[in-house]
Structures are given as C-alpha cells and as structure tokens.
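J.: next one to model:
(chains A and B)
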Amino acid sequence: MTDSAVQARVDQALVARVLLADDRRAFEQLLRRYQGMVRAQLRRLLNGDHARADDLAQETFLLAWRKLDQFRGDARFSTWLHRIAYTCFLQARRKQSWPSDHNDRDDGQQADTSHAMNLHLDIARAMQRLSSAEQAVLLHCVQLGMSHSETAYVLAMPLGTVKTHAAQGKAKLRALLADWQEADRKEEAS
Amino acid sequence: MNEHEDDAVDALLLAQFEGPVPDEGFCDDMMQRLPARRRRPVWPLAAGLAAGAMVCFLSLQSAPLVRTGLRDWLSGQLSAPALTLLLVMASISLLTLAWTLAEADDREK
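T.: From the prediction side, this is the model:
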C-alpha cells in the first residue's frame, strides 16, 4: 500500500470516529494534519494576507466540522478540505469585491525595481502577472502537489481547462523568468 | 512542450513556496471554537417506521392469507399460509440486514 493510500485510510478512520463516536480528538488530529497546507493555500490565494487567510482557514474548518457527514470519500480528505477553503476564498472575494486579476499592476514600477529583486520576489511578481485562474491552477498543481484531477475537483473546473491553464501559466512564467533559467543553466554547465 | 523547461518552472515555483504554515496555536484556538455537533434527530425515522407498519397492518388485516397464516402460526401448525408469512418476514429481515451492513460499510469508507 502506498504512503498516500495509508494516509487516506487514516483520514477515513478519523472521519468515521468523529461521525460515529462524536470524537472531537479525532477531528483535532485531522486539523493538526492539514491546517498547515490549508493555511498555506489561503495565504497564497490572498497574496500573503496572513490574518485574513487565518480567518478563512477557521471558517473552512468550522464548515468541515459541520458538514463532515457529507464527506463521501470519493476524494482524499485533504482535497475535500482544500475545496472548502477555495470556496470560502471565492465567497469572501465576492463579498469584498477583491481584484481577481493582477494583470493591471504598474509595470513601470516593476521595471524600476527589477534589478533589486531577488528570485523569490521575481517569481512572486511573475505569478501575479498570470490570470487568477492560472495562478490558482499552478498553486494547486505544482506548489500544493495535487494531480490535475484533484485540482479540477478543488477549483470546480473541467479537467481540460485545468490542463490548459497549467500549460499556459507555465509558458508565461517560462517567458517571464527566462533570465533566471538561463542563469541556472550556465551554473549547471560551469 | 519541453519537459525539461517545465521541470525548471516547477522547481522555481516549489522553491518559492514556503510549505505548510506552522501551527502556532491555531489548532488549540480552533478546537475551542468548535460548536457541539448536531445529532441527527431520530424521530423522523421512528415516525416513518411506525407509519409504514400502520399502513402495512391496515392494508393486510383483511387479507385471508395473512389472517389464516397468523392463526395457524400461533396455533403451532406449519401450514402453507403460515410458511408464506414466515418466509416474507425472513426475507424482509435479511433485506434490512443487508441494507444496514451496506450503510455501515459506506460510513467506514
């Protein structure tokens, strides 16, 4: 049995304990297993707004607690949680009318400061130049390590759309980060 | 698509990702905020069962097969109507058992 299959069985056993025995400690274990990744997901989606991300993470886990009997096990528990978190994020964004796209950022300012930026900031800025859908797909597929089908489940997108956004997002990033990749290649060659 | 370039972009993205956020009291705070779980009320199931049994009784009380079967069964005679009645009851019990096991299995999964 693979490691992820074992993890999935542990999750299912913990969910069963919560549902059948009203075991709060089992839910606490689920919480401890996944709070880190759910909060990381929300921090990314909210462009590093830690306080708001933690508020949404609390909302996510409260919803998971209330709706646990709706978890049918057709996806991994972590994927189910990430879907709830993403739904909370979308609802909050709708309520507050946050910008969904960052393509209209000031490119002039970016050009002025580009020499001083390190790789970390470069990638962050490059990511912000992608559409919100491309950002969300790359976050889930690459950084959170989900498969395309899991990402499709979390983002409620067709699988083909996820693959398209992943390919387009990577192509844009490749173009935006060409200098860094060139430098990497030179380092490898030397 | 160039797989090597794809891997390079993946590596850059992974390098930029800080990974899971440390707990820092989040779980303890969260557990204090959890409300009591709402238990699913039992009365709809009980009321449904009672209503079903009542409807079943009213519709079958005038059927001669049931009356004869019940009378024979109570007097200890294993006649054809009594056996039919027992078979029907055994089948319903088995179906209920199978349904319960299937539900329990679904919950475990």
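J.: helices of chain B, start to end?
T.: Using DSSP state H, the helices of chain B run over B:3-16, B:26-33, B:43-60, B:64-74, B:80-108.
J.: could the ones you listed be laid out in TSV, adding mean pLDDT and mean neighbour count?
T.: Glycine gets a C-beta too; all of them are placed from N, C-alpha and C. Converted to TSV, the helices of chain B look like this (pLDDT from 0 to 100; neighbours: other CB atoms under 10 Å in any protein chain shown):
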stretch	mean pLDDT	mean neighbour count
helix B:3-16	80	15
helix B:26-33	93	14
helix B:43-60	89	10
helix B:64-74	85	15
helix B:80-108	85	12
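J.: let me know which of those is the nearest to A:Ala85.
T.: Judged by CB to CB, the one of the helices of chain B that comes nearest to A:Ala85 is helix B:26-33, at 13.5 Å.
J.: other residues contacting that closest one?
T.: A:Arg24, A:Phe27, A:Glu28, A:Leu31, A:Arg32, A:Gln35, A:Arg39, A:Asp54, A:Ala57, A:Gln58, A:Phe61, A:Leu62 (CB atoms under 8 Å, 6 or more residues apart in numbering or on different chains).
J.: remind me which helix or strand the residue in chain A that chain B sits nearest to belongs to.
T.: Per CB to the nearest CB, A:Gly36 is where chain A lies closest to chain B, at 2.7 Å. Per DSSP states H and E: A:Gly36 is located in helix A:24-45.
J.: just give the number of residues close to the residue of chain A closest to chain B.
T.: Other residues within reach of A:Gly36 by the criterion other CB atoms under 10 Å in any protein chain shown amount to 17.
J.: which one is it nearest to, not counting chain neighbours?
T.: Computed as CB to CB, 6 or more residues apart in numbering or on different chains, the closest residue to A:Gly36 that is not its neighbour in sequence is B:Pro20, at 2.7 Å.
J.: count of neighbours near the residue in chain B positioned nearest to chain A?
T.: Closest residue of chain B to chain A, CB to the nearest CB: B:Pro20 (2.7 Å). B:Pro20 is flanked by 16 other residues according to other CB under 10 Å.
J.: that one contacts A:Arg44, correct?
T.: No - judged on CB atoms under 8 Å, B:Pro20 makes no contact with A:Arg44 at a distance of 11.9 Å.
J.: and chain B, which of its residues are near chain A?
T.: B:1, B:5-6, B:8-10, B:12-23, B:26-27, B:29-31, B:33-35, B:37-40, B:106-109 (CB under 8 Å from any CB of the partner chain).
J.: does any bit of stretch A:59-78 sit next to chain B?
T.: Yes - Stretch A:59-78 is in contact with chain B by CB under 8 Å from any CB, via A:Phe61, A:Leu62, A:Trp65, A:Arg66, A:Asp69, A:Arg72, A:Gly73.
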